[in-house]
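Novice: okay, predicted coordinates and the sequence, questions at the end:
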Amino acid sequence: MRLHLAAVALLCGTGAYCSAFAATGGGGGGESRRCGATSTSSVSCASRTFATKRRGVLPFALTAPRGGGGSSSSSSSALSSTAEDTAASSSSSIPPSSVSSAGISDGNWSLLSTRARSALLSLIESDEGRGAQRHVYGDWPEPGTEDEGKVRLGEQLADLDASYPGGLAAYISKARVLLKESADGTNPFADFVASVPEGEHLQYDALEPDPATGMTFAQAEQTGLTGIGDVTFVLVAGGLGERLGYSGIKLGLETNLVTHRSYLGMYVSYIQAMQRMAHVKTGRKETRIPLVIMTSGDTDAATRRLLSDNDNFGMDDDQISIVCQDKVPALMNTNAALSLDPSKDRWNVETKPHGHGDVHHLLLREGHIDRWTEDGKRHVVFLQDTNALIVNSVLPTLGVSIAKGFHMNSICIPRLAGEAAGAIARLEHKTDPEKSLVINVEYNQLDPLLKTQGDRKGDVPDPATGYSPFPGNSNILILEMDAYAKTLRGEDEGVVVEFVNPKYKDDTRTEFKKPTRLECMMQDIPKLFQKEMGSEANIGFTNFDRWFSFSPAKNSLESGVDAVLGGSNAPGTMSSAESDKYVQNQRKLKFAGMDVAVTEEHDLVPVAGIPVTPGPRIILCPGFAITQEEITNKIEGGRITDRSSLVLEGEGLVVKNLDLDGALVVRTGHDCEVEVDGLVVRNEGYALEEIPEEGEDADDEVPEEVAIRGYTMNKKEVMEIIIEEPGKYVVGKDGEVTKIL
C-alpha cells in the first residue's frame, strides 16, 4: 500500500521542462480496420479475430483489414480462404448471365469467395444501363494474371457491402441523388423558415433564473444529480492530432502541464467522480456508468494502447468499450463512380472516413442500445475529444433535459453573428408541420436562409446582447434513451441523413478536383428523430458562457499565431485551451469566496505568440468536485497569488484559509476526510518558459506534446501533500499532517 501519511514534500527540480506524457506510439498507420463493439475484456473485430484477456489490458485483435485495401499477406490469406470457399460451393462458380455479359469470365468468377461474388453481382446489377462502375468490374485479364489483385478487390467490395446498411447498391443510389442535387444547386432549406428554438440559458454565477427560461445554474445542476446513475457516455475520438502539429491521437494529449493528465484520463476521471456521487445519492453501490469510445482506423490501435498503458485509468475492464467507425467508398464524379486508389493499383477502391455520424448506427449494430435499455439507462452523453471545459456542462444540461423532457439537448455557447460555427435553429416547414425540426444549421447556410425571410437582414446580432439570437453549437449532445432507441430501431438503423461536399473541377460540375464521398455528422440525428417521431420529438438546447464550457484544442501553434495576428481571441491551440482551463478554475474559486485574481482578456500575456493567463494556474480535479455546490462547501476563504499553481484532488478534501504563494498539490484517496486549515505555502513554484526558436538555444529534446504549446513548465519547487490511507486528518499552517481518527 502506498501511504504518504504526513508526507509533505518540498520538491526541487533542476529547471528543466517536465512532462509525464506516456508515449502511445501514434496512430494506427492509416490501416482501415473494422472493429466491432469491444470491451477491455473482449475484442470483437471482423474476420479472423484472436483475443487475449488479462486485467487492465485491452487485447489487440488481429483482423483482416476492411474497406481500405489490404497488404500482400492479407491478400494471400484471402486467396487461400477463397480456394476453400470455392471447393465448398462449386455450383456457384458459374457466373450469372449479368456477370458474363459484364465481361467476367468463368475462370475469374471462380477465383472469388461467395461473399465477394455476391457484392460484385450487386454492384453489376445496380449499374445496369449506366456503366458508371465498369472500370471496377470490366476488362479483367484472363485467369493467371493479377489473380491476387482480383481476390483482394472482391474481398474489399464484400467488406464495403457488408458495412453499409443496404449494401453498396444503397450507398451508390444515395450518392447519385445527392450528387445531382449538389450539381443542380438544390437548396435543402427552400421549404423551411428558421426561428430560435426552446432552450435554457444558464450562467454559473447568476443567482436568479433567466426570465425567459426559468432555471438557475444551481437548480439545473441539482436536477441533473437526480439522474446521474442512469447515464452512459460516448466519446467520439476518430481523429489524429495532425492539425495541432502532433503525430499521435488527440486523446493522448496532456490537458495541462501542471498535472499532465491526458484528455482521455480527464474524461474517465470525471465519469468515475459521477459514478461515486451516484453511489452516494442513490445508495446503489452497484451503479456503473459505461463509456463507449468510437475510434477510426487511424486511432484505434493507439487508443487501445493508451488505455492499456494506463490500466484503463482506473475503470473496470468491462466498463469501457470501443467501436471502430467504417470507411466508405470514394466517388470520382457525379455518376457516383467508385474511385480506384491511384496510390496502389486498379484492384483497390479508395476509401474515406464516413464521419462521426457513424456513431449512432454503430451503437445500435454492436448491441449497446439494447444493453443500455435493459440496464435501465435513461440518457446518453456524447463528448468530443479535445474540449476539457465541456465536462462542467454535463450535469446542468442533464438537469435541463430532465426538467424540460428534451429528447435531445445540445450544449451551446453564445455565438457572434456571422461566426464560422454552426447554430441551433428551429426549421418550420412551410406546408407540413410534421416535417419541422430543431437542428444544427451551418453558418454558411444560416445567413442565406435568414435573408429569405422576415426583415431579410440575415445573420445579424441581437441589439440586446450583441450576439446572434441563434446559439452556437458545441456539438456535445445529451439524448433521452427511450426516444433515441426508438429512433435507431427505425428503418434507417441509425444511419443519419448524409450529404456530399464535392469540389468541382469546372463550371460543368461533373468532375471533381479530388474524389468525394457521402458524409454524416452525429448532430444531424434530429432528422431521424423527426422521421420516426414527427412533431412529438422534443429537441432543445442549453446555453453556457464560453469561459465555462468551450475551448477546444484544434489548431497548431503556427495557425493560432496567424489567427491572433488576424484579430481572433480564440486561437484554438493547446496553449489557449490549457490557459482557459486555469481561468475557468480561477472563476470557480472566486465564486466560492477565495481571494484570487480572475484573468480577463486585457490581462492575457503573449507566450510564443498566443495570449495566455499569467496565473494562477489552478486545477480542480473531478475527484475534488464536479458541482458548484461541492466547491462552495469545500472552499472557505483563503488567497492565491497570481504566480501560484494549485492542484486539489479528493472527494473528502476541504480547504480553509489557504495562503498560497508558490506551488501546492494536495491529493487524498477514497475514504479520506482531510481538512486543510490555515496552510501557508511559500516556495519558488512553477514557471512557463518559452521554447527558443531554431538556433543555438533551441532544445530539440522537448517532447512533441509539450513543444506544440510553445513553452515548457519549469517546476522549480512545490509542496506536495498526498494522503491515501483511509481516516480523518487535519493539515495545519506549516503543512504538518495529523491523523485524528
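Specialist: Noted; the coordinates are in hand.

Novice: dump the residue contacts of Ala485.
Specialist: Contacts here follow CB atoms under 8 Å, 6 or more residues apart in numbering; on that basis Ala485 touches 369, 372-373. From N, CA and C alone the C-beta is placed, and that goes for glycine too.

Novice: out of those, which are buried?
Specialist: The neighbour-count test (16 or more other CB atoms under 10 Å) applied to those identifies 369, 372 as buried.

Novice: can you map out the helices along the stretch 501-650 of the chain?
Specialist: Assigned by DSSP state H, counting those that start in this stretch, the helices in the stretch 501-650 of the chain fall at 526-533, 546-549, 557-565, 574-591, 628-634.

Novice: grab the most central residue of this protein for me.
Specialist: With the centre of the chain defined as its mean C-alpha position, the nearest residue by CA atoms, centre = their mean is Gln384, 2.3 Å away.

Novice: list the residues that contact it.
Specialist: By CB under 8 Å, 6+ apart, the contact set of Gln384 is 235-237, 390, 475-476, 552.

Novice: from the residues you listed, which is closest to Leu398?
Specialist: Ile476 (11.6 Å; CB to CB).

Novice: quick one: contacts of the helix or strand harbouring that closest one?
Specialist: Using DSSP states H and E, the element containing Ile476 is strand 472-480. Strand 472-480 is touched from outside by 378-384, 387, 390, 393-394, 397-398, 401, 405-415, 419, 421-424, 440, 522-523, 525, 541, 549-550, with contacts defined as CB under 8 Å, 6+ apart.

Novice: among these, which are in strands?
Specialist: Secondary structure of these is defined by DSSP state E; positions in strands are 379-384, 408-413, 423-424, 440, 541.

Novice: I'd like to know which of those residues is nearest to Glu630.
Specialist: Using CB to CB, the shortest approach to Glu630 within these belongs to Val381, at 19.3 Å.

Novice: number of residues surrounding that closest one?
Specialist: Other residues lying near Val381 total 26 when counted by other CB atoms under 10 Å.

Novice: can you pull the pLDDT of Gly265?
Specialist: Reading off the per-residue confidence, Gly265 sits at a pLDDT of 97.

Novice: I'd like the next helix or strand past the strand holding Ile476.
Specialist: Stepping forward along the backbone from strand 472-480, the first helix or strand reached (DSSP H and E) is helix 481-488.

Novice: give the rounded mean pLDDT of that next one.
Specialist: The average of the pLDDT scores along helix 481-488 is 98.

Novice: report the angle between the axes of it and strand 379-384?
Specialist: Interaxial angle of helix 481-488 relative to strand 379-384 (axes from the mean of the first three to the mean of the last three CA atoms, to 10 degrees): 70 degrees.

Novice: what angle do strand 408-413 and helix 481-488 make with each other?
Specialist: Computed by the same axes, to 10 degrees, the angle separating helix 481-488 from strand 408-413 equals 110 degrees.

Novice: please identify the buried residues of helix 481-488?
Specialist: Buried-residue list, helix 481-488, by 16+ other CB under 10 Å: 481, 483-485, 487-488.

Novice: what's the host helix or strand of Val292 in contact with?
Specialist: Following DSSP H and E, the helix or strand that holds Val292 is strand 291-295. Contacts made with strand 291-295 from outside it, assessed by CB under 8 Å, 6+ apart, are listed as 35, 37, 232-238, 251, 267-268, 271, 303, 315, 319-325, 356, 358-359, 362-363, 368.

Novice: sitting in helices, which of the residues you listed do you find?
Specialist: The helices, defined by DSSP state H, take in 267-268, 271, 303, 358-359, 362-363, 368 from the contacts of strand 291-295.

Novice: next up, the contacts around the closest residue to Trp140 other than its chain neighbours.
Specialist: If the residues on either side of it in the chain are set aside, Trp140 comes closest to Asn108, at 5.1 Å by CB to CB, 6 or more residues apart in numbering. Contacts here follow CB under 8 Å, 6+ apart; on that basis Asn108 touches 140, 142-143, 150.

Novice: quick one: secondary structure of Asn108?
Specialist: Per DSSP: H, G, I helix; E, B strand; the rest coil, the secondary structure class of Asn108 is helix.

Novice: how near is it to Gly154?
Specialist: For Asn108, the distance to Gly154 (CB to CB, to the nearest Å) stands at 10 Å.

Novice: could you do Leu660 as well?
Specialist: In this structure, Leu660 lies at 67 Å from Gly154, with CB to CB as the measure.

Novice: which of the contacts of Ala485 lies closest to Leu518?
Specialist: Among those, Ile369 lies closest to Leu518 (CB to CB), at 23.0 Å.

Novice: fine, thanks again, bye for now.
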